[in-house]
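In: After the sequence you'll find the predicted model.
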Amino acid sequence: MKRYIWMILAIVLFAVMVISVGVGEATLSPFTVIKSFLGLGSSFDSLIIFQLRLPRIILAALAGMALAVAGCILQAITRNSLATPEMMGISGGASVAAVSIIMIFSTNKDSLSISLHYLPLLAFLGSTIVALCIYLIAWKQGVSSLRLILVGIGFYTLMNSFVHLIVLVGPLFRATQAKTWLTGSIYGTTWKEVVVLLPWLAVLIPIVYLYARSLTIHELGDNTAIGLGVNVKRERFILLLLCTGLTGAAVAFVGGITFIGLIGPHLAKRFVGNNYRYVIPVAALIGAIMVVGADLIGRTLISPREIPAGVFTALVGVPYFLYLIYRNRGQVSS
């Protein structure tokens, strides 16, 4: 079963994407969608699918993958099952940068006056600055996983305060844009966003996979990792940078979609165990399914109005988070 779980999840992801592509003001059957994928659909159907719906769904899947893999990294290097990019303040750093860009460079037509290519770069810069601050403050003859968590929680609160302050002092129409983005919305996505985000993930996720053995060893504890020849300080720093890159790129385009980095790795470990060679791809697929599914529900529940996808990931994530706290009560780390 473990050997085929990624294939099962890939089929589920494809099915959810096909259903999502077919749902909207003009409803298309799964058969019609697949015909269009094969180049056999009508020009009208192809226009709806490839220009209006597919970019949004692909972006949702890519963002889900990025956030889930980032969660894998944090849970491994901190050895804490509750560590996520948002709870560690890393998503907050990206949010501060992205909201600042929206406030400064957006127009009253909901577009940016600067190139879209700068958005993930600046979000990555924001998340990296926060990650470096966390790392430096947590440093005391090395960086322990417990200190990383405690300092990260402090920065999580600080970044949230900065975001709310920026939104509060900004112009009203931009504040509305920012609040929608912060909730986690994929509305209005075009191929431009996909083309900008895809290269980031095409580079970063394979690099993370190369560190799969190191991530597995990190979960055994620092002493064991050192005994097995891992340079813990160096690799923890590199992995933290990879986490900020994935988080910053995803947050730049989908906003505050939460708990993907918590649930994805957890479910993956239940399916395939603790070997990160298997955890990383399975978690990525689970993350993609969650975000695409949340976006699908948000588009259809009170159609034609839309609910941001982040609302539904939070509705699932908060109870799961509380369940994990209850299950791990009395433990500092799991």
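Out: Ah, there it is. Residues are numbered from 1 along each chain as shown.
In: so how many other residues sit close to Pro30?
Out: For Pro30, the number of neighbouring residues by other Cβ atoms under 10 Å comes to 12. C-betas here are computed from N, CA, C, even on glycine.
In: so which strand or helix has the nearest residue to it once chain neighbours are set aside?
Out: In space, Pro30 comes closest to Val18 once its chain neighbours are excluded; the distance is 5.0 Å by Cβ to Cβ, 6 or more residues apart in numbering. Taking DSSP states H and E as the definition, one finds Val18 inside helix 5-22.
In: For Leu40, grab phi and psi.
Out: phi -110, psi 0 (degrees, to the nearest 10).
In: How about Glu306?
Out: phi -120, psi 140.
In: residue contacts, it?
Out: 185, 187, 298-299 (Cβ atoms under 8 Å, 6 or more residues apart in numbering).
In: Only whichever of those residues are buried, select them in PyMOL.
Out: Burial among the contacts of Glu306 is assessed by 16 or more other Cβ atoms under 10 Å; the matching PyMOL selection reads:
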select buried, resi 185+298+299
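In: Please report the distance of Val167 from Met159.
Out: Here the distance between Val167 and Met159 works out to 13 Å (Cβ to Cβ, to the nearest Å).
In: Now the common contact residues for these two.
Out: Common neighbours of Val167 and Met159 (criterion: Cβ under 8 Å, 6+ apart): none identified.
In: Could you check which of these two is surrounded by more residues?
Out: Per other Cβ under 10 Å, whichever of Val167 and Met159 has more neighbours is Met159, with 22 against 19.
In: so what's that one closest to, chain neighbours aside?
Out: Leaving aside its sequence neighbours, Met159 sits nearest to Gly92 (Cβ to Cβ, 6+ apart; 2.5 Å).
In: before we move on, what about Ala175?
Out: Using Cβ to Cβ, 6+ apart, the nearest residue to Ala175 is Val167, at 5.0 Å.
In: now the one you found: how far from Ile102?
Out: Separation of Val167 from Ile102 (Cβ to Cβ): 9 Å.
In: go on, Val232?
Out: Distance from Val232 to Ile102, by Cβ to Cβ: 38 Å.
In: Who has more neighbours out of those two?
Out: The residue with more neighbours, out of Val232 and Ile102, is Ile102; 23 against 19, by other Cβ under 10 Å.
In: does the more buried one belong to a helix or a strand, and which?
Out: Short version, using DSSP H and E: Ile102 is in helix 90-105.
In: can you give me the helices in the stretch 51-200 of the chain?
Out: With DSSP state H, counting those that start in this stretch, the ranges of helices along the stretch 51-200 of the chain come out as 54-78, 90-105, 118-138, 145-169, 172-183, 191-210.
In: quick one, which of the ones you listed is nearest to Ile5?
Out: Closest to Ile5 of the helices of the stretch 51-200 of the chain, according to Cβ to Cβ: helix 54-78, at 14.5 Å.
In: tilt between that closest one and helix 118-138?
Out: With axes from the mean of the first three to the mean of the last three Cα atoms, to 10 degrees as the basis, helix 54-78 and helix 118-138 are set at 10 degrees to each other.
In: Quick one: list the elements packing against helix 54-78.
Out: helix 5-22, helix 145-169, helix 191-210, helix 212-218, helix 232-254, helix 260-272, helix 276-300 (3 or more Cβ pairs under 8 Å, 6 or more residues apart in numbering; DSSP states H and E).
In: roughly how far is the helix holding Ile102 from the heart of the chain?
Out: In terms of Cα atoms, centre = their mean, to the nearest Å, the centre of helix 90-105 is set 15 Å apart from its chain centre.
In: just how off-centre is stretch 52-59 within its chain?
Out: Taking mean C-alpha positions (Cα atoms, centre = their mean), stretch 52-59 and its chain are 16 Å apart.
In: can you list contacts of that stretch?
Out: Stretch 52-59 is contacted from outside by 17, 20-21, 24, 186-187, 189-191, 193-194, 197, 253-254, 292, 295, using Cβ under 8 Å, 6+ apart.
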